[in-house]
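S.K.: Structural data only, the sequence is not supplied:
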């Protein structure tokens, strides 16, 4: 081995050769195993990430469906109330609407009470 300068503290430099050094088959096998295991690790991490994401999406979808069914039930109740009120309004403005009002108001009077209906006084002819 030669060194650049005699007596200096530098390492000796190896002679340069034009030979191509090929890695051994054991080194190639180790490298292939390393890359294969790295690829397998990345695929497993991707699979775990996909499963976790799908689980979160399934939970969110179920919550959305639950909220939708609750809102749909409330909407149905309100629609039923609206139809009932429309029917009552139609009955009030029908030909026998006055009788309907009297029948509804009878429920407010206690059974042992007598109903008194005040009629407007007849207008007297002016002189």
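M.R.: Everything's here; your move. Keep in mind it's a predicted model, so treat the numbers as computed, not measured. Residues are numbered from 1 along each chain as shown.
S.K.: Point to the helix or strand of this structure where mean pLDDT is at its lowest.
M.R.: Within the chain, confidence by mean pLDDT, DSSP states H and E is lowest for helix 97-106 among all helices and strands, at a mean of 69.
S.K.: list the helices and strands the longest helix anywhere in the chain packs on?
M.R.: Ranked by residue count and defined by DSSP state H, the top helix of the chain is helix 25-92. Using 3 or more CB pairs under 8 Å, 6 or more residues apart in numbering; DSSP states H and E as the contact criterion, the secondary-structure elements in contact with helix 25-92 are helix 97-106. For glycine as for every other residue, the C-beta is placed from the backbone atoms N, C-alpha and C.
S.K.: Any regions of the protein where pLDDT drops low?
M.R.: Across the chain, the ranges flagged by pLDDT under 70 are 1-17, 20-21, 102, 104-109, 111, 115, 125-127.
S.K.: Now with 50, please.
M.R.: Along the chain, the parts satisfying pLDDT under 50 run over 1, 3.
S.K.: what about residue 56, distance to residue 67?
M.R.: As defined by CB to CB, to the nearest Å, residue 56 lies at a distance of 17 Å from residue 67.
S.K.: Over to residue 36?
M.R.: Noted for residue 36: a distance of 47 Å to residue 67, by CB to CB.
S.K.: Look at residue 112 and give its secondary structure.
M.R.: coil (DSSP: H, G, I helix; E, B strand; the rest coil).
S.K.: Would you mind measuring from residue 73 to residue 85?
M.R.: For residue 73, the distance to residue 85 equals 19 Å [CB to CB].
S.K.: now do residue 93
M.R.: The value you get for residue 93 to residue 85, if CB to CB is used, is 13 Å.
S.K.: go on, residue 63?
M.R.: 33 Å.
S.K.: now swap in residue 76 and tell me
M.R.: Plainly put, residue 76 is 15 Å away from residue 85 if you go by CB to CB.
S.K.: Alright, calling it a day.
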